[in-house]
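1. Here is my input; please provide its structure:
(one chain, ligands or ions: 1)
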Amino acid sequence: MSGLAATGLTCIKRDRVLFDSLSFSLQPGQLIYLRGPNGAGKTSLLRILTGLSQPDAGDISYCGRPLSYKFFHNLIYLGHKLGLSMAFNALENLSFWCAQHQTPVQAPVLYDVLNELGLVGLEDVPVKYLSAGQQRRVALARLWLKPAKFWIMDEPFTALDTKGVALIEEVFAKHINSGGAILTTSHQALSPRAGEVTLFDLEYQL
Ligand SMILES: Nc1ncnc2c1ncn2[C@@H]1O[C@H](COP(=O)(O)OP(=O)(O)OP(=O)(O)O)[C@@H](O)[C@H]1O
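-> Alright, predicted model coming up:
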């Protein structure tokens with residue numbers, strides 16, 4: 001069994017059942033677009049899938065086994081918060097993140113990625129002085145830096161301009177074509193540029 005599989009997942013928050021007996025899998029070469037209204041439970045589901053929180057019932061497995069370092073080593077999780085230090089600049093933030101993820105990176109590679117994201121010239125500016133879209137670009141630079149097969153992302157397009165959205169959709173398509181797997185939420189539709197998409201709708205349960 002390859003990929004990430006969820007079986008019988010149930011999540012309850014403040015006495016409300018967000019989802020119940022949910023089963024699905026994310027396989028290499030697949031882009032799943034998780035949709036749903038505010039409060040449906042998308043973030044709660046992503047947090048369970050990435051091991052950040054526990055379901056009230058059900059199991060998650062990776063290649064047929066419980067989640068372990070093998071999965072985390074092969075995962076990039078980008079939450080809807082940026083996960084950046086506002087006092088650090090882009091280079092410092094990304095170097096720190098790479099060290100945390102045991103992903104050695106050379107300065108020229110970091111500059112190339114910042115160039116790709118239109119951030120050259122801003123690399124030594126504390127992130128708190130960047131625009132919202134520029135901050136999002138710094139957070140998304142991680143996609144270029146860690147050779148992880150599984151990308152799980154919560155609203156990665158927030159604050160990006162149209163060129164930024166197009167750039168990320170193209171990176172999605174490239175990742176999928178090279179055998180990667182993506183699960184992402186977004187409140188805006190993915191364009192065909194992102195490639196073939198599997199829709200996954202989470203309804204708001206009263
Ligand atoms: N730790 C928590 N404690 C209590 N309630 C929580 C907790 N986390 C989430 N919730 C509740 O669970 C519900 C689902 O939240 P969640 O963030 O998963 O939704 P979402 O689908 O990602 O929404 P959005 O589109 O607004 O980001 C919300 O009503 C929220 O208040």
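
2. so the closest residue to R47 other than its chain neighbours is in which element?
-> Nearest-residue entry for R47: S53, 4.5 Å, with adjacent residues in sequence omitted and distances by CB to CB, 6 or more residues apart in numbering. Any C-beta I mention is one placed from the backbone N, CA and C, and that applies to glycine too. Secondary structure assignment for S53, by DSSP states H and E: no helix or strand.

3. got it, and F71?
-> Using DSSP H and E, the element containing F71 is helix 69-73.

4. Flag every buried residue along that helix.
-> Going by neighbour count (16 or more other CB atoms under 10 Å), the buried part of helix 69-73 is F71.

5. C-alpha coordinates for that helix, PDB please?
-> Taking C-alpha atoms only, helix 69-73 is exported to PDB below (Å, rounded to 0.1, in the frame of the first residue of the first chain):
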ATOM      1  CA  TYR A  69       9.400   9.800  10.800                       C
ATOM      2  CA  LYS A  70       9.400   8.200   7.400                       C
ATOM      3  CA  PHE A  71       6.300  10.200   6.500                       C
ATOM      4  CA  PHE A  72       7.400  13.400   8.300                       C
ATOM      5  CA  HIS A  73      10.700  13.200   6.400                       C
END
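
6. quick one on the thing from earlier: pLDDT wise, what is the residue nearest to R47 at?
-> You'll see S53 listed with a pLDDT of 96.

7. My read is that it contacts S44, right?
-> Yes. Taking CB atoms under 8 Å as the definition, S53 is a contact partner of S44 at 7.3 Å.

8. So those two - more neighbours on which side?
-> The neighbour count for S53 versus S44, taken as other CB atoms under 10 Å, is higher for S44 (20 against 13).

9. All good on my end, thank you.
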